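**Q** generate coordinates for the sequence data below:
(chains A, B and C)
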Amino acid sequence: MKIAGGGPVIPNFGQGSSCVTGNHAFCWGWVREHWSDTLGPALAQHVELTAIAVGIGFAIAFPLALLAHRFHKLEHPFSIVAALLYTIPSLALFQLLVPITGLGLTTVEVALTSYTLVILLPNIVTGLRSVPPDVIEAAQGMGLTRLQVLTRVELPLAVPAIVGGLRIAVVSTVAIGTIAGIEVTTKGLGYPIFNALQDPTPFKTEIYSAGALAVALALAADALLVGLRRLLVPWARRAA
Amino acid sequence: MIRKHTRRAARAAFAISFGVAIIIGLYAAAFTRPAHASTKAGPTIILGTKNFPEEYILGELYKQALTGAGFTVSYKENIGSTEIMTSALQSGKINMYPEYTGVIVQDVFGHTNSPKTASATYQLAKKLEAGKGYSLLKPTPFYDTDVLAVTNATAKKYGLKSIGDLKKVGPFKLGGLPECKTRNTCFVGYTKQYGLSNASFLPLAGISAYAALDAGKVLAADVFSTDPPLGKNSKYTVLKDPKHITGFQNVAPIVKTSLLKQLSPSFTTTVNAVSKDLTLDAIVAMNKAVEVDKQNPAKVAAAFLKANHLK
Amino acid sequence: MLADIASLHTFVDAFRFIGDNPGFLLTKAWQQVELSGAALGIAALVAMPLGVLLGHYHRLSTFAIGASIVGRGLPSLVLIAAFLTLLGIGFVNNMVALAVLGTGPILTNAYDAVDGCDRDTVEAARGMGMTGLQVLGKVELPLAIPLLFTGIRVAAVTIVATAPIAAIAGGGGLGDVIVNQASYRLAGVLGASFCVMALSAIVFLALAALQSAVTPRGLRRTSVVRDLTT
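**A** Okay, the predicted model is just below:
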């Protein structure tokens, strides 16, 4: 404890271990110590970020896909906009949204949702399209209405493609979500990584641990969705 | 034809996912509502910080002290450089942030030369900001100026003691945060006032200036006087600035005057009480805790506030 | 309302920025091309032979297919930050990071392309007395070109679009402007982004043209456009 004459009390903030100050390859002590104040919250925020983006993206993409499936003319403009959006550097998109949607999470979510839309829409449409015409004919022959054909035949058969699209969307969103941490938000796993990068000597432990968490999150989400697909469509074995 | 149980499963799956999507959508809508609404405790203070650790510490200090005193604070850390902070302030995205007095005078308002004393700088900054509708609360005892640093090896090699000595080096790269390029307290000042026509600027948007110096990417770099690497047994030499172009840089919180009028007087007393305790020793210790010992800025700020009964 | 006017203003200013700084932007663009090209080259050098061979011998399918899933799941920021700590600041660390990003699509597509060759055709070739390698060179590879090239194209566009992030690790390129809103304003950021998009489009079209040139006449199809998202 240091008390300057008449000045403020400067408490002991806790000396970093020699591993940390020496910037060794990986300091488990730091990870354990800072799980609750840095890594844990960042992971939770990242999960939230991803879930919202994919959830809203799916909610928008699904009806749009049904529309595009019904009215083939819509598919072309949709896919052009989609392809265009994907080539906008994500970092730029985040910055450009700030004047419109502010400095909070809305900006991040709008951008991330747009990217998931771009991925999900074509995948759902392709899934619906991939149903063999004979099957549809057979169903219609059996007297099913158009809506019934959709709900009882096309959608169930499209599940593998849709889940495939969700897998890609989730994994991409986790990745792009980290980029948001560079300029526009302090939430998510990108922020600790970028902060660590800016230290006088880039802090390896924080980069590796936050990075590992991001990769693990993506892989875990992917595995979960594969499990979901196996549950729903046990006859489709081959990975998409 | 699809068997009954798989049909049911598929229907259930879509119902569930739709439901989940809608729930997430509603949650998101509630979650991302902007915090502009006034609450019982009065209007919301939207406190922002610039994009480096010292500002995170300052932001956390003010935020926690104010929250402890019952104010509603919406905290936006790491927004960007002064230029971006200024536009965020003007567009109403934030209504308070900690700024450096000399930066206000020389960079925000473009004065080429700084006043002769720290208090003159503060008074001028206060006057200039008042004209735009912003109030400056009391300044901190500590100051954190830009300084130009080279590695010890470089200083020895060329015999560098003051900034002007760089003239004899030949063409070289000077690194710094991107906004340094156009600032009187930085690259513009260094080159114009010391005649360094041999310097070219390298913006450092990700890696730190010290990393760039170590890697030999730049010969000299603009850094800050309270940085931990410049402490005891430093590997770097700070070049003297006899013309004092980097000015006086105490920190003073900028607050939108209209917000100030809506808040109770305890707002000003709380903030000033925190600023009063921010001596050079204090801020250097906190910088070291965050940047060298890799502690969390919020925790460091909390410890400091608690030890000094400011929370 | 004000925000909309502001965005329109920025949009117009972006083009003005491009018009005012052609030389600067071209230099930056070229830097990015160099970095991306080097990364793509390494990725192709490593992933293509591996994918082709695995596909020819029909081995390790899970690994080959999983490669692109893992590749997509590796956040670019993580790769760039990690390689900065391992390989220093500058060109090499970013080149390696981007190369890792590009190997996934190339490997998986190379495997798929060769593995998926029509089995009857391959059988027929063997029946004619060709050795394994001859089958690979004269039958499987030519048939594989469309899918192979798709993989390269996806990798190339991914690398070019991700390269701006490398600016935070000393990689240079148009990213220097995109991460530097403080100096170049939003107009500059948007202008540089347009350049990146244009660059992606040029790379895409150039590789599509190359693919057409290299594809044996019998295999040429009218549409070479493949979804980047599949």
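**Q** how about the strands in chain A?
**A** In chain A, the segments counted as strands under DSSP state E are A:2-3, A:9-10.
**Q** now tell me which of the ones you listed the model trusts least on average.
**A** Mean pLDDT values for those show the minimum at strand A:2-3, a mean of 46.
**Q** average pLDDT for stretch B:271-286?
**A** pLDDT averaged over stretch B:271-286 gives 93.
**Q** list the contacts of that stretch.
**A** A:2, A:4, A:7-8, A:10, A:13, B:54, B:57-58, B:61-62, B:65-66, B:137-144, B:226, B:228, B:231, B:251-253, B:300-301, B:304-305, B:308, B:310 (CB atoms under 8 Å, 6 or more residues apart in numbering or on different chains). Just so you know, the C-beta spots here come from the backbone N, C-alpha and C atoms, and that holds for glycine as well.
**Q** in that stretch, what counts as buried?
**A** Buried residues in stretch B:271-286, counted by 16 or more other CB atoms under 10 Å in any protein chain shown: B:271, B:273-280, B:282-286.
**Q** what do you get for stretch B:237-248?
**A** For stretch B:237-248, the buried set under the neighbour-count rule, 16+ other CB under 10 Å, comprises B:237, B:238, B:239, B:241, B:245, B:246, B:247, B:248.
**Q** restricted to strands, list these.
**A** Among these, the subset assigned to strands under DSSP E consists of B:237, B:238, B:239.
**Q** which of those sits closest to residue A:112?
**A** Using CB to CB, residue B:238 comes nearest to residue A:112 of these, at 43.3 Å.
**Q** give me the distance between the closest one and residue C:36.
**A** From residue B:238 across to residue C:36, the span is 39 Å (CB to CB, to the nearest Å).
**Q** of the buried residues of stretch B:271-286, closest to residue C:58?
**A** Within the buried residues of stretch B:271-286, the smallest distance to residue C:58 is 61.2 Å, found for residue B:286 (CB to CB).
**Q** what sits against residue C:132?
**A** Residue C:132 makes contact with residue C:56, according to CB under 8 Å, 6+ apart.
**Q** at 10 Å instead, please
**A** Applying CB atoms under 10 Å, 6 or more residues apart in numbering or on different chains to residue C:132 gives the contacts C:56, C:57, C:126, C:140.
**Q** alongside chain C, which residues does the stretch 1-150 of chain B contribute?
**A** When proximity is defined as CB under 10 Å from any CB of the partner chain, the stretch 1-150 of chain B approaches chain C at B:51, B:80, B:81, B:82, B:83, B:84, B:87, B:91.
**Q** hmm, residue B:293 is touching residue A:20, no?
**A** Yes: with contacts defined as CB atoms under 10 Å, residue B:293 counts as touching residue A:20 at a distance of 6.5 Å.
**Q** of the two, which one has the most company?
**A** The neighbour count for residue B:293 versus residue A:20, taken as other CB atoms under 10 Å in any protein chain shown, is higher for residue A:20 (22 against 17).
**Q** count of residues packed around residue 160?
**A** As the question left the chain open, I've gone with chain A. 20.
**Q** looking at chain C here, not the other one
**A** Counted with other CB under 10 Å, residue C:160 comes out at 29.
**Q** for chain A, see how far away it is.
**A** Going from residue C:160 to chain A by CB to the nearest CB, to the nearest Å gives 9 Å.
**Q** give me the element that residue is part of.
**A** In this structure, residue C:160 sits in helix C:141-162 according to DSSP states H and E.
**Q** low-confidence stretches in the chain?
**A** All of this refers to chain A. Applying pLDDT under 70 to chain A flags residues A:1-6, A:236-240.
**Q** try chain C instead
**A** Applying pLDDT under 70 to chain C picks out residues C:1-7, C:218-230.
**Q** can you map out the helices along chain A?
**A** A:18-21, A:28-34, A:40-70, A:75-87, A:90-101, A:105-129, A:133-141, A:146-149, A:155-183, A:190-197, A:204-232 (DSSP state H).
**Q** and the first one, how far out from the chain middle?
**A** Relative to its chain's centre, helix A:18-21 lies at 33 Å (CA atoms, centre = their mean, to the nearest Å).
**Q** again with the fourth one
**A** Computed by CA atoms, centre = their mean, the separation of helix A:75-87 from the middle of its chain amounts to 19 Å.
**Q** ok, now the second one?
**A** Computed by CA atoms, centre = their mean, the chain-centroid distance of helix A:28-34 equals 26 Å.
**Q** next one: the last one
**A** Between the mean C-alpha point of helix A:204-232 and the mean C-alpha point of its chain there is a distance of 11 Å (CA atoms, centre = their mean).
**Q** so which bits of it are buried?
**A** So for helix A:204-232, counting by 16+ other CB under 10 Å, buried means A:204-215, A:217-219, A:221-222, A:225-226, A:228-229, A:232.
**Q** the inter-axis angle of that helix versus helix A:190-197?
**A** Interaxial angle, helix A:204-232 versus helix A:190-197 (axes from the mean of the first three to the mean of the last three CA atoms, to 10 degrees): 160 degrees.
**Q** with the fifth one instead?
**A** Between helix A:90-101 and helix A:190-197, the angle formed by their directions is 120 degrees, by the same axes, to 10 degrees.
**Q** please name every helix or strand in contact with helix A:90-101.
**A** Packing partners of helix A:90-101 (3 or more CB pairs under 10 Å, 6 or more residues apart in numbering or on different chains; DSSP states H and E): helix A:105-129, helix A:155-183, strand B:73-80, helix B:82-90, helix C:2-20, helix C:141-162, helix C:175-178, helix C:181-214.
**Q** 6 Å instead?
**A** Secondary-structure packing of helix A:90-101 (3 or more CB pairs under 6 Å, 6 or more residues apart in numbering or on different chains; DSSP states H and E): helix A:105-129, helix A:155-183, helix C:2-20, helix C:181-214.
**Q** give me the angle between it and strand B:73-80.
**A** Using the same axes, to 10 degrees: helix A:90-101 against strand B:73-80 is 140 degrees.
**Q** what's in contact with helix A:90-101?
**A** Helix A:90-101 is touched from outside by A:107, A:110-111, A:176, A:179-180, A:183-184, C:3, C:6, C:178, C:181, C:189, C:193, with contacts defined as CB atoms under 6 Å, 6 or more residues apart in numbering or on different chains.
**Q** so which residue is dead centre in the chain?
**A** No chain specified, so I'll use chain A. The residue lying closest to the centre of chain A (CA atoms, centre = their mean) is residue A:173, at 2.2 Å.
**Q** meant chain B actually
**A** The residue lying closest to the centre of chain B (CA atoms, centre = their mean) is residue B:50, at 3.0 Å.
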